[in-house]
Structures are given as structure tokens and as C-alpha cells.
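Visitor: Sequence first, then the predicted structure, then my questions.
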Amino acid sequence: MHRSFVAEFAARRPAIKHAWERKLRLEAVTSPLANPDTLVLLMDRTLDDLHEALGNRCLAAIPPPARAMRTGCLCGLNPLLAYFRVAASVIPTVMSQGADRCPALSASTYAACLQETLAVIQATAHEEIRSFCAMCQTEIAHGTRHAPASTGQPFALTTR
């Protein structure tokens, strides 16, 4: 991770947050906690955590995970599923617009930093989703009822 990329991430934070909120409001609301008005309250903390994690990667050579982590939610009602999926689609789009503002980085280095950022988002999503699911009160989570065939899909961040 390069400091100029982290600085560009910080500079693009308002644009990331705006695009993230706008796109999140287009997502289906699966539960009261998945209401975009609630989820937008988490964005500043999430962006702070991402910025800190990226900054820490500048200090130490931390390789990204070898393979993508997947986080499953048995009931499919975890409000963080859409929250992080949207973040993972918005951040690369917004950050790709700033590649020319980091002249010290080649296009391939900038792309590598972007991939590392996605790995950090995925690790954060994994922890947050897992923590939320650990508190789940549905019958599915307690094993007294099985998930319908249409739910239980793993959460995987993808870029398009």
C-alpha cells in the first residue's frame, strides 16, 4: 500500500460516502435494521476503519489474503450484507477516477492498491457480518429451523 493512494482515499471520502449512500438506497430493505437511514450512520466509522487499516498497511508489508473470504448468513436478513456489497462496488468506481491524481504510482501499482483495498473491505465485512450473525435471534441461527433453499447464499465481494 502506498501513502499517496491512502491520501487519495481520504480525499475521495465524501464522494465515496455520497455514492455509497445513493446506491444503498436502491437496495431492497430486508429488515428494519437494513433501512438505509440506519445504515448510513455506520459509514463514517467504516470509512475511518478502512482508512486506518490502509494506513497501517503502509507501515508494514501486509500481503492481501490469498483467496477471497466468504461470509454466509443463514437467514439472509443481516443488514450488513447489502451494506458491504454496495461499498465494494462503489469504492473501486470512485477510486478509479483518482488514478491520475497519484502520478507517483503506475497504473498497475494503483490497481494493486485498489485490489488491496478490496481485500481490506472484505476482511472488515467478514468480521462485521460474522459478529452480527453471532447475535442473530432467528430460529434458523439457533438450528431449530432450516434455511429455505433461496437463502444461505455466501456473501462474496466482487468487482464488476
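Guide: Sure, I can see it.

Visitor: Show me where this protein has its helices.
Guide: Ranges of helices in the chain, per DSSP state H, are 3-11, 13-24, 36-39, 43-59, 80-96, 107-134, 139-142.

Visitor: what's around the residue nearest to residue 23 when sequence neighbours are not counted, how many residues?
Guide: Using C-beta to C-beta, 6 or more residues apart in numbering and skipping the chain neighbours, the partner closest in space to residue 23 is residue 86 (5.0 Å). Using the backbone N, CA and C atoms, a C-beta is placed for each residue, glycine as well. For residue 86, the neighbour count with other C-beta atoms under 10 Å is 21.

Visitor: Highest mean neighbour count out of the helices of the chain?
Guide: helix 80-96 (a mean of 20; mean count of other C-beta atoms under 10 Å).

Visitor: Quick one: residues in contact with it.
Guide: Contact with helix 80-96 is made by 8-9, 12, 15-16, 19-20, 23-24, 27-28, 30, 34, 39, 42, 46, 73, 114, 117-118, 121-122, 124-125, 128-129, 132, 155, 157-160, as judged by C-beta atoms under 8 Å, 6 or more residues apart in numbering.

Visitor: Next, the angle from it to helix 3-11.
Guide: Relative orientation of helix 80-96 versus helix 3-11 (axes from the mean of the first three to the mean of the last three C-alpha atoms, to 10 degrees): 120 degrees.
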